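A.B. asks: the following block contains a protein sequence and its predicted model.
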There are 10 protein chains.
Amino acid sequence: MLFAVTMRVSLPTDLDPAVRDDILAREKAYSQELQRAGKWPHIWRIAGQYANLSIFDVDTNEELHQLLWNLPLFPYLSVDIQPLAEHPSDIRPS
Amino acid sequence: MLFAVTMRVSLPTDLDPAVRDDILAREKAYSQELQRAGKWPHIWRIAGQYANLSIFDVDTNEELHQLLWNLPLFPYLSVDIQPLAEHPSDIRPS
Amino acid sequence: MLFAVTMRVSLPTDLDPAVRDDILAREKAYSQELQRAGKWPHIWRIAGQYANLSIFDVDTNEELHQLLWNLPLFPYLSVDIQPLAEHPSDIRPS
Amino acid sequence: MLFAVTMRVSLPTDLDPAVRDDILAREKAYSQELQRAGKWPHIWRIAGQYANLSIFDVDTNEELHQLLWNLPLFPYLSVDIQPLAEHPSDIRPS
Amino acid sequence: MLFAVTMRVSLPTDLDPAVRDDILAREKAYSQELQRAGKWPHIWRIAGQYANLSIFDVDTNEELHQLLWNLPLFPYLSVDIQPLAEHPSDIRPS
Amino acid sequence: MLFAVTMRVSLPTDLDPAVRDDILAREKAYSQELQRAGKWPHIWRIAGQYANLSIFDVDTNEELHQLLWNLPLFPYLSVDIQPLAEHPSDIRPS
Amino acid sequence: MLFAVTMRVSLPTDLDPAVRDDILAREKAYSQELQRAGKWPHIWRIAGQYANLSIFDVDTNEELHQLLWNLPLFPYLSVDIQPLAEHPSDIRPS
Amino acid sequence: MLFAVTMRVSLPTDLDPAVRDDILAREKAYSQELQRAGKWPHIWRIAGQYANLSIFDVDTNEELHQLLWNLPLFPYLSVDIQPLAEHPSDIRPS
Amino acid sequence: MLFAVTMRVSLPTDLDPAVRDDILAREKAYSQELQRAGKWPHIWRIAGQYANLSIFDVDTNEELHQLLWNLPLFPYLSVDIQPLAEHPSDIRPS
Amino acid sequence: MLFAVTMRVSLPTDLDPAVRDDILAREKAYSQELQRAGKWPHIWRIAGQYANLSIFDVDTNEELHQLLWNLPLFPYLSVDIQPLAEHPSDIRPS
């Protein structure tokens, strides 16, 4: 079950660089672990923005929430979510 | 080169059903032709909306514009576009 | 799996009254059938608005989309959707 | 008398963790006390957000205001309220 | 129990003048009947707008909804509602 | 001459409690003095919000501005103003 | 007493040209009469828009409302109003 | 050549009072110098707001930008600009 | 003197094709005449939109307004204007 | 391939002046280097704003993103991007 998730990042410009680097390293590891597990099949940078457009593949809303809530960057994100369904013009078998 | 494109459809509720069916049939054929050509790699229905989230894969802004402008539904669409780039956490080789 | 769905109705003021009555009768029957099936556990009128706040209980985004798309009033609705998850303070066992 | 209440939480990212934990513990206790008293019959997490959608059941606007104003998290909330009424399609006896 | 209600009127500019006059006459009679009954204690024109700011005094959200839904102008209104409570600085005994 | 004034309060959550108490005490005294003088005939709490809806009765825009500018809370307020006029359906003699 | 009034005009593109010309001729005459009477001391076209920014000089909100309500173009306008006061840096004696 | 300029002021509530007084004194002197030079023919307080509506009379966009950029309050302002032209109903000779 | 002008086109979907073709032919001729005269140095299609971003080079706001007002498409446009000035980092001599 | 990029700058008013001067000097050098390389063919100040409207000429979305991400001012910018295409009325050979 797919969801489109847009994440916009607002890190304080005066955040301690070591804290920042630690958060970003953990974020990257966490994201790549979910990508490898097939839960986060797409992540694109939105050009010119500190933001990404992602597709999540989860079994329930509950799972989606837990995955996002545990993002190391979560306290610095604004998140927008759109549940997705199959489009009748899609040529790929569902 | 990828773009996220959100299309929202507003068909007049009093549109002649035959005209409507014709537009929608041509739209579907046109979309599937572009999907088969690799220009429109993803199309998802946004759940509960007469709208879709699509990913286009084109060589230039010019090509993107021509593909969208020629959509049979174009006069009835509001379109939002985000240019995409590779995300540094993406595990897939670019 | 729960979703909060807000539906706002915009019927043209010059719609044929017989057409209108027919749509509204079919909408009511359809809604009550889904309520009895446990798919639409809550529907509230938003006071002073031609709008409702509803809770849907479905297995997938796909099912949510099909239920909403088939609403007789769908062409006259603007729809807003929020996927819901369990709240950690909720006292009810999940 | 029902109200739909959406609460969005904005805790400063540099809030003292002990202060934060204390506020959250008091918030949870307060919420559960109101749930047990039947004043707060539903609370759902909005998936992917630090936010909830709640239904309050109160006798007056005054009571609603007092319950919300006394939330330990109130200074950190943005709150949106919709008064609810019975929907004519609701199958449950009122 | 008080509610602030803002009503903005959008009458089609090509509405039949006789229909329009009839709606407006019934709206005025209905409003004055509710004013005399103490249900609609204040109605002010918002200067320069085809709109009013009103205060309703009702027992329940349900009553508020029924009063507004039955306004002859209801199909032509956009309505905004704010539930009101006593202000701690108010000098009037409640 | 009446104006509807909506005031929304944003006090910093880390404001010194003594400073805060002093501002709020002066605000209350100032408000009640204007109420007694007939300049501020209505003040209602907007339920669930740190905000009020007020009606001011002044001779000029200038007077309105001076009364609001001198509010002890003014630096912490966002203010929205609507000039009011008599409504043709109002049953009260003007 | 001054008010800044922004008027945006939306004439239907299929309006009968004779009706349109008549409305515009009456609007111009009405505006010039109020200008000569000192009630409408400034009217500027907002460049590139079918809109104007005007300053009205009236005794009361009531007078402002009546002047605007009687504009021949009123049913086709969206109007935004800001009450003005003397600025402490203004070098002109008030 | 006229421009309508709306300036909204957001001074931090914890700004050093001496710094604040100095900025405001320089702002007032600068504004009055431009008023005397005929560059800033109108400045009005927007009632109830820490904001003004001004009319600037300049030869070029460049001159407008330099005048605004050099405002002592500029770092604390949000500015909105509308280029103005002669209105065909204006009775004053241009 | 430069202005950035964004024009968004909304042609009714039921406009007579002959009328539409005539407007568009006149619009193109008018635009190209202004481009050749140096008044409209840039016009770009905004990709995926029935809209353009243009740069106008005019002597006054008045001239800008007259050029835009006389566009054959003007009644079908929404227009947004930003006056431009020289940027201090621009390497081109002004 | 062209993109219109609007950059709005929000420097904290309490930023250390030496840090600020350093960022701005590096920003100017970086911008001028890209201008000389033909990547940033236009940069205009938006009059009265701490903002610019720029045109970028790049080969891919990826290149656009890298150029913007490396702006010394990037952490202080809000950025809006519109992909541009050739306009059919443009008289310049493409």
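C.D. replies: Perfect, thanks for sending it.

A.B. asks: now for A:Ala51: which residues touch it?
C.D. replies: A:Thr6, A:Met7, A:Arg8, A:Val9, A:Arg45 (Cβ atoms under 8 Å, 6 or more residues apart in numbering or on different chains). Placement of C-beta: from N, CA and C, glycine included.

A.B. asks: please work out how many residues are found near A:Asp14.
C.D. replies: The criterion is other Cβ atoms under 10 Å in any protein chain shown. On that basis, A:Asp14 has 9 neighbouring residues.

A.B. asks: and A:Ile81, how close does it get to B:His42?
C.D. replies: Counting by Cβ to Cβ, to the nearest Å, the gap from A:Ile81 to B:His42 is 17 Å.

A.B. asks: low pLDDT regions in chain A?
C.D. replies: A:94 (pLDDT under 70).

A.B. asks: with adjacent residues omitted, what lies nearest to A:Phe74?
C.D. replies: A:Leu68 (6.6 Å; Cβ to Cβ, 6 or more residues apart in numbering or on different chains).

A.B. asks: so the one you found sits right up against A:Val79, yeah?
C.D. replies: Yes - here A:Leu68 lies in contact with A:Val79, judged by Cβ atoms under 8 Å, at a distance of 6.3 Å.

A.B. asks: chain center to stretch A:51-65, what's the gap?
C.D. replies: 7 Å (Cα atoms, centre = their mean, to the nearest Å).

A.B. asks: what residues sit buried inside it?
C.D. replies: A:51-58, A:60-65 (16 or more other Cβ atoms under 10 Å in any protein chain shown).

A.B. asks: repeat that for stretch A:1-16.
C.D. replies: A:Met1, A:Leu2, A:Phe3, A:Ala4, A:Val5, A:Thr6, A:Met7, A:Leu11.

A.B. asks: okay if I get these as JSON lines plus secondary structure?
C.D. replies: As requested, the buried residues of stretch A:1-16 are exported to JSON lines (DSSP: H, G, I helix; E, B strand; the rest coil):
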{"residue": "A:Met1", "secondary structure": "coil"}
{"residue": "A:Leu2", "secondary structure": "strand"}
{"residue": "A:Phe3", "secondary structure": "strand"}
{"residue": "A:Ala4", "secondary structure": "strand"}
{"residue": "A:Val5", "secondary structure": "strand"}
{"residue": "A:Thr6", "secondary structure": "strand"}
{"residue": "A:Met7", "secondary structure": "strand"}
{"residue": "A:Leu11", "secondary structure": "coil"}
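
A.B. asks: which ones among the residues you listed come in contact with chain C?
C.D. replies: A:Met1, A:Leu2, A:Phe3 (Cβ under 8 Å from any Cβ of the partner chain).

A.B. asks: who's in contact with the residue nearest to the second one when sequence neighbours are not counted?
C.D. replies: Once flanking residues are discounted, A:Leu2 sits nearest to A:Leu84: 4.2 Å by Cβ to Cβ, 6+ apart. Applying Cβ under 8 Å, 6+ apart, one finds that A:Leu84 lies in contact with A:Leu2, A:Phe3, A:Ala4, A:Ile55, B:Trp44, B:Arg45, B:Ile46, B:Ala47, B:Leu53, C:Asn61.

A.B. asks: name the SS class of the residue of chain A found nearest chain G, please.
C.D. replies: Among all residues of chain A, A:Gly48 sits closest to chain G, at 27.6 Å; criterion: Cβ to the nearest Cβ. Secondary structure assignment for A:Gly48 (three-state DSSP): coil.

A.B. asks: I'd say it and J:Glu63 touch.
C.D. replies: No - in this structure A:Gly48 lies outside contact range of J:Glu63 using Cβ under 8 Å: 11.1 Å.

A.B. asks: element containing A:Asp21?
C.D. replies: Using DSSP states H and E, A:Asp21 sits within helix A:17-36.

A.B. asks: briefly note if that helix comes near chain B.
C.D. replies: Yes - interface with chain B: helix A:17-36 contributes A:Glu27, A:Lys28, A:Ser31, A:Gln32, A:Gln35, A:Arg36 (Cβ under 8 Å from any Cβ).

A.B. asks: most widely separated two among those?
C.D. replies: Spatial extent of the residues of helix A:17-36 next to chain B (Cβ to Cβ) is set by the pair A:Glu27 and A:Arg36 at 15.1 Å.

A.B. asks: neighbour-wise, which of those two wins?
C.D. replies: Comparing A:Glu27 with A:Arg36 by neighbour count (other Cβ under 10 Å), the higher total belongs to A:Glu27, at 18 against 10.

A.B. asks: ok, that one - contacts?
C.D. replies: Contacts of A:Glu27 by Cβ under 8 Å, 6+ apart are A:Leu71, A:Pro72, A:Leu73, B:Ser89.

A.B. asks: what about 7 Å?
C.D. replies: Applying Cβ atoms under 7 Å, 6 or more residues apart in numbering or on different chains, we find A:Glu27 in contact with A:Leu71, A:Pro72, A:Leu73.

A.B. asks: nearest residue to the last one other than its sequence neighbours?
C.D. replies: Looking back up the chat, that one is A:Leu73. The nearest residue in space to A:Leu73 (Cβ to Cβ, 6+ apart) is A:Glu27, at 4.8 Å.

A.B. asks: center of chain A - which residue?
C.D. replies: The centroid of chain A falls nearest to A:Ser54 when counting by Cα atoms, centre = their mean (5.2 Å).

A.B. asks: can you say which helix or strand has it in it?
C.D. replies: Counting by DSSP H and E, A:Ser54 is part of strand A:51-57.

A.B. asks: partners of that strand, with directions?
C.D. replies: strand A:2-9 (antiparallel), strand A:42-46 (antiparallel) (DSSP bridges).

A.B. asks: and those strands as CSV, adding distance to A:Ile23?
C.D. replies: Shown next, in CSV, are these (distance: least, Cβ to Cβ, whole Å):
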stretch, distance to A:Ile23
strand A:2-9, 10
strand A:42-46, 17
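
A.B. asks: nearest to E:Pro93, of the ones you listed?
C.D. replies: strand A:2-9 (49.5 Å).

A.B. asks: just the CA coordinates of the closest one, formatted as CSV?
C.D. replies: Only the C-alpha atoms of strand A:2-9 are listed here, as CSV (Å, rounded to 0.1, in the frame of the first residue of the first chain):
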residue,chain,number,x,y,z
LEU,A,2,1.7,3.2,-1.2
PHE,A,3,1.8,6.7,0.2
ALA,A,4,3.4,9.8,-1.3
VAL,A,5,5.3,11.6,1.5
THR,A,6,6.8,15.1,1.1
MET,A,7,9.3,16.0,3.8
ARG,A,8,10.6,19.6,4.2
VAL,A,9,13.6,20.0,6.5
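
A.B. asks: that concludes my questions; thank you for your assistance.
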